[in-house]
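Student: Model the following, please.
(chains A and B)
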Amino acid sequence: NAGVTQTPKFQVLKTGQSMTLQCAQDMNHEYMSWYRQDPGMGLRLIHYSVGAGITDQGEVPNGYNVSRSTTEDFPLRLLSAAPSQTSVYFCASSFDLLNEQFFGPGTRLTVL
Amino acid sequence: SQQGEEDPQALSIQEGENATMNCSYKTSINNLQWYRQNSGRGLVHLILIRSNEREKHSGRLRVTLDTSKKSSSLLITASRAADTASYFCATDHNNDMRFGAGTRLTVKP
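Tutor: Numbering: from 1, shown residues only, chains lettered A, B, ... in the order given. Here you go, the predicted structure:
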């Protein structure tokens, strides 16, 4: 199993550009989520999904969209990048929140 | 706002000593989890304790949960240099996971 994979590993955007961060898991997990981690801080939940076709907002959803058309994939879209979105983004998955979450390696995003 | 808050923010100990980290949270939870993060890497799950449990062990790790005080502690016994990392608690409240800011543990050889 590859576990949770994220692409790209690094990305630099200009203010106003849009892009999609990819996340995929091959463990047949129902729960998937996106977090951002700013320097010296813990993770903050952006969006999550409890299954295909179902998404919900987390703590900091503004400026981000998600969709869950399949169990395996959970892409995160930045609609119009802003410098405040400079961060490291982590995707995670689990069977449900009664079980451990598996994290991807992260995407380091810089918005100029 | 973040749900969990770890204490201390940073901890430096000698190899072989025990390390204790604390986590406090604000609202009722379904479970509490502890994660470890090596610098620049993703998080790795350490242990999960459910709201109806008071103590759990896994190898050199011991976690306690006091729901009346809304707090948890993580004890790492006989620490090793390889335990150097950041440790985060995370609480689950109806599918909404909240992480604390973490404790940065340094274990000196």
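Student: Can you give me the neighbour number for residue B:39?
Tutor: Residue B:39: 8 surrounding residues under other Cβ atoms under 10 Å in any protein chain shown. For glycine as for every other residue, the C-beta is placed from the backbone atoms N, C-alpha and C.
Student: Stretch B:92-109: which residues count as buried?
Tutor: Neighbour-count burial for stretch B:92-109, with 16 or more other Cβ atoms under 10 Å in any protein chain shown as criterion, is recorded at B:92-93, B:95-105, B:107.
Student: meant to ask about stretch A:24-33
Tutor: Buried-residue list, stretch A:24-33, by 16+ other Cβ under 10 Å: A:24, A:25, A:29, A:31, A:32, A:33.
Student: isn't the fifth one right next to residue A:48, touching?
Tutor: What that stands for is residue A:32. Yes. The pair residue A:32 and residue A:48 passes the contact test of Cβ atoms under 8 Å, sitting 6.9 Å apart.
Student: Okay, and which of the buried residues of stretch B:92-109 map to strands?
Tutor: When strands are assigned by DSSP state E, the members of the buried residues of stretch B:92-109 inside them are B:92, B:93, B:96, B:97, B:98, B:99, B:103, B:104, B:105, B:107.
Student: so which of these also contact chain A?
Tutor: Intersecting these with the contacts of chain A gives B:92, B:96, B:97, B:98, B:99 (criterion: Cβ under 8 Å from any Cβ of the partner chain).
Student: Who's the closest spatial neighbour of the last one, skipping the chain neighbours?
Tutor: The spatial neighbour of residue B:99 that comes closest, neighbours along the chain excluded (Cβ to Cβ, 6 or more residues apart in numbering or on different chains), is residue A:42 at 3.7 Å.
Student: and the residue nearest in space to the middle of chain A, what element?
Tutor: The central residue of chain A, meaning the one whose C-alpha is nearest the mean C-alpha position (Cα atoms, centre = their mean), is residue A:34 at 3.0 Å. Taking DSSP states H and E as the criterion, residue A:34 maps to strand A:31-37.
Student: following that strand, which helix or strand shows up next?
Tutor: Heading C-terminal from strand A:31-37, the first helix or strand you meet, by DSSP H and E, is strand A:43-51.
Student: list the buried ones in that following strand?
Tutor: Residues of strand A:43-51 classed as buried by neighbour count (16+ other Cβ under 10 Å): A:43, A:44, A:45, A:46, A:47, A:48, A:49, A:50.
Student: hmm, who's touching that strand?
Tutor: Identification of contacts with strand A:43-51 by Cβ atoms under 8 Å, 6 or more residues apart in numbering or on different chains yields A:30-38, A:55-61, A:64-66, A:68, A:71, A:74, A:76, A:89-90, A:96, B:2, B:43, B:88, B:90, B:95-99.
Student: and the helix or strand just after it, what other elements does it pack with?
Tutor: Following strand A:43-51 in sequence order, the next helix or strand is strand A:54-57 (DSSP H and E). Taking 3 or more Cβ pairs under 8 Å, 6 or more residues apart in numbering or on different chains; DSSP states H and E as contact, the helices and strands that strand A:54-57 lies on are strand A:43-51.
Student: could you check the angle strand A:31-37 makes with the strand it packs on?
Tutor: Between the direction of strand A:43-51 and that of strand A:31-37, the angle (axes from the mean of the first three to the mean of the last three Cα atoms, to 10 degrees) works out to 160 degrees.
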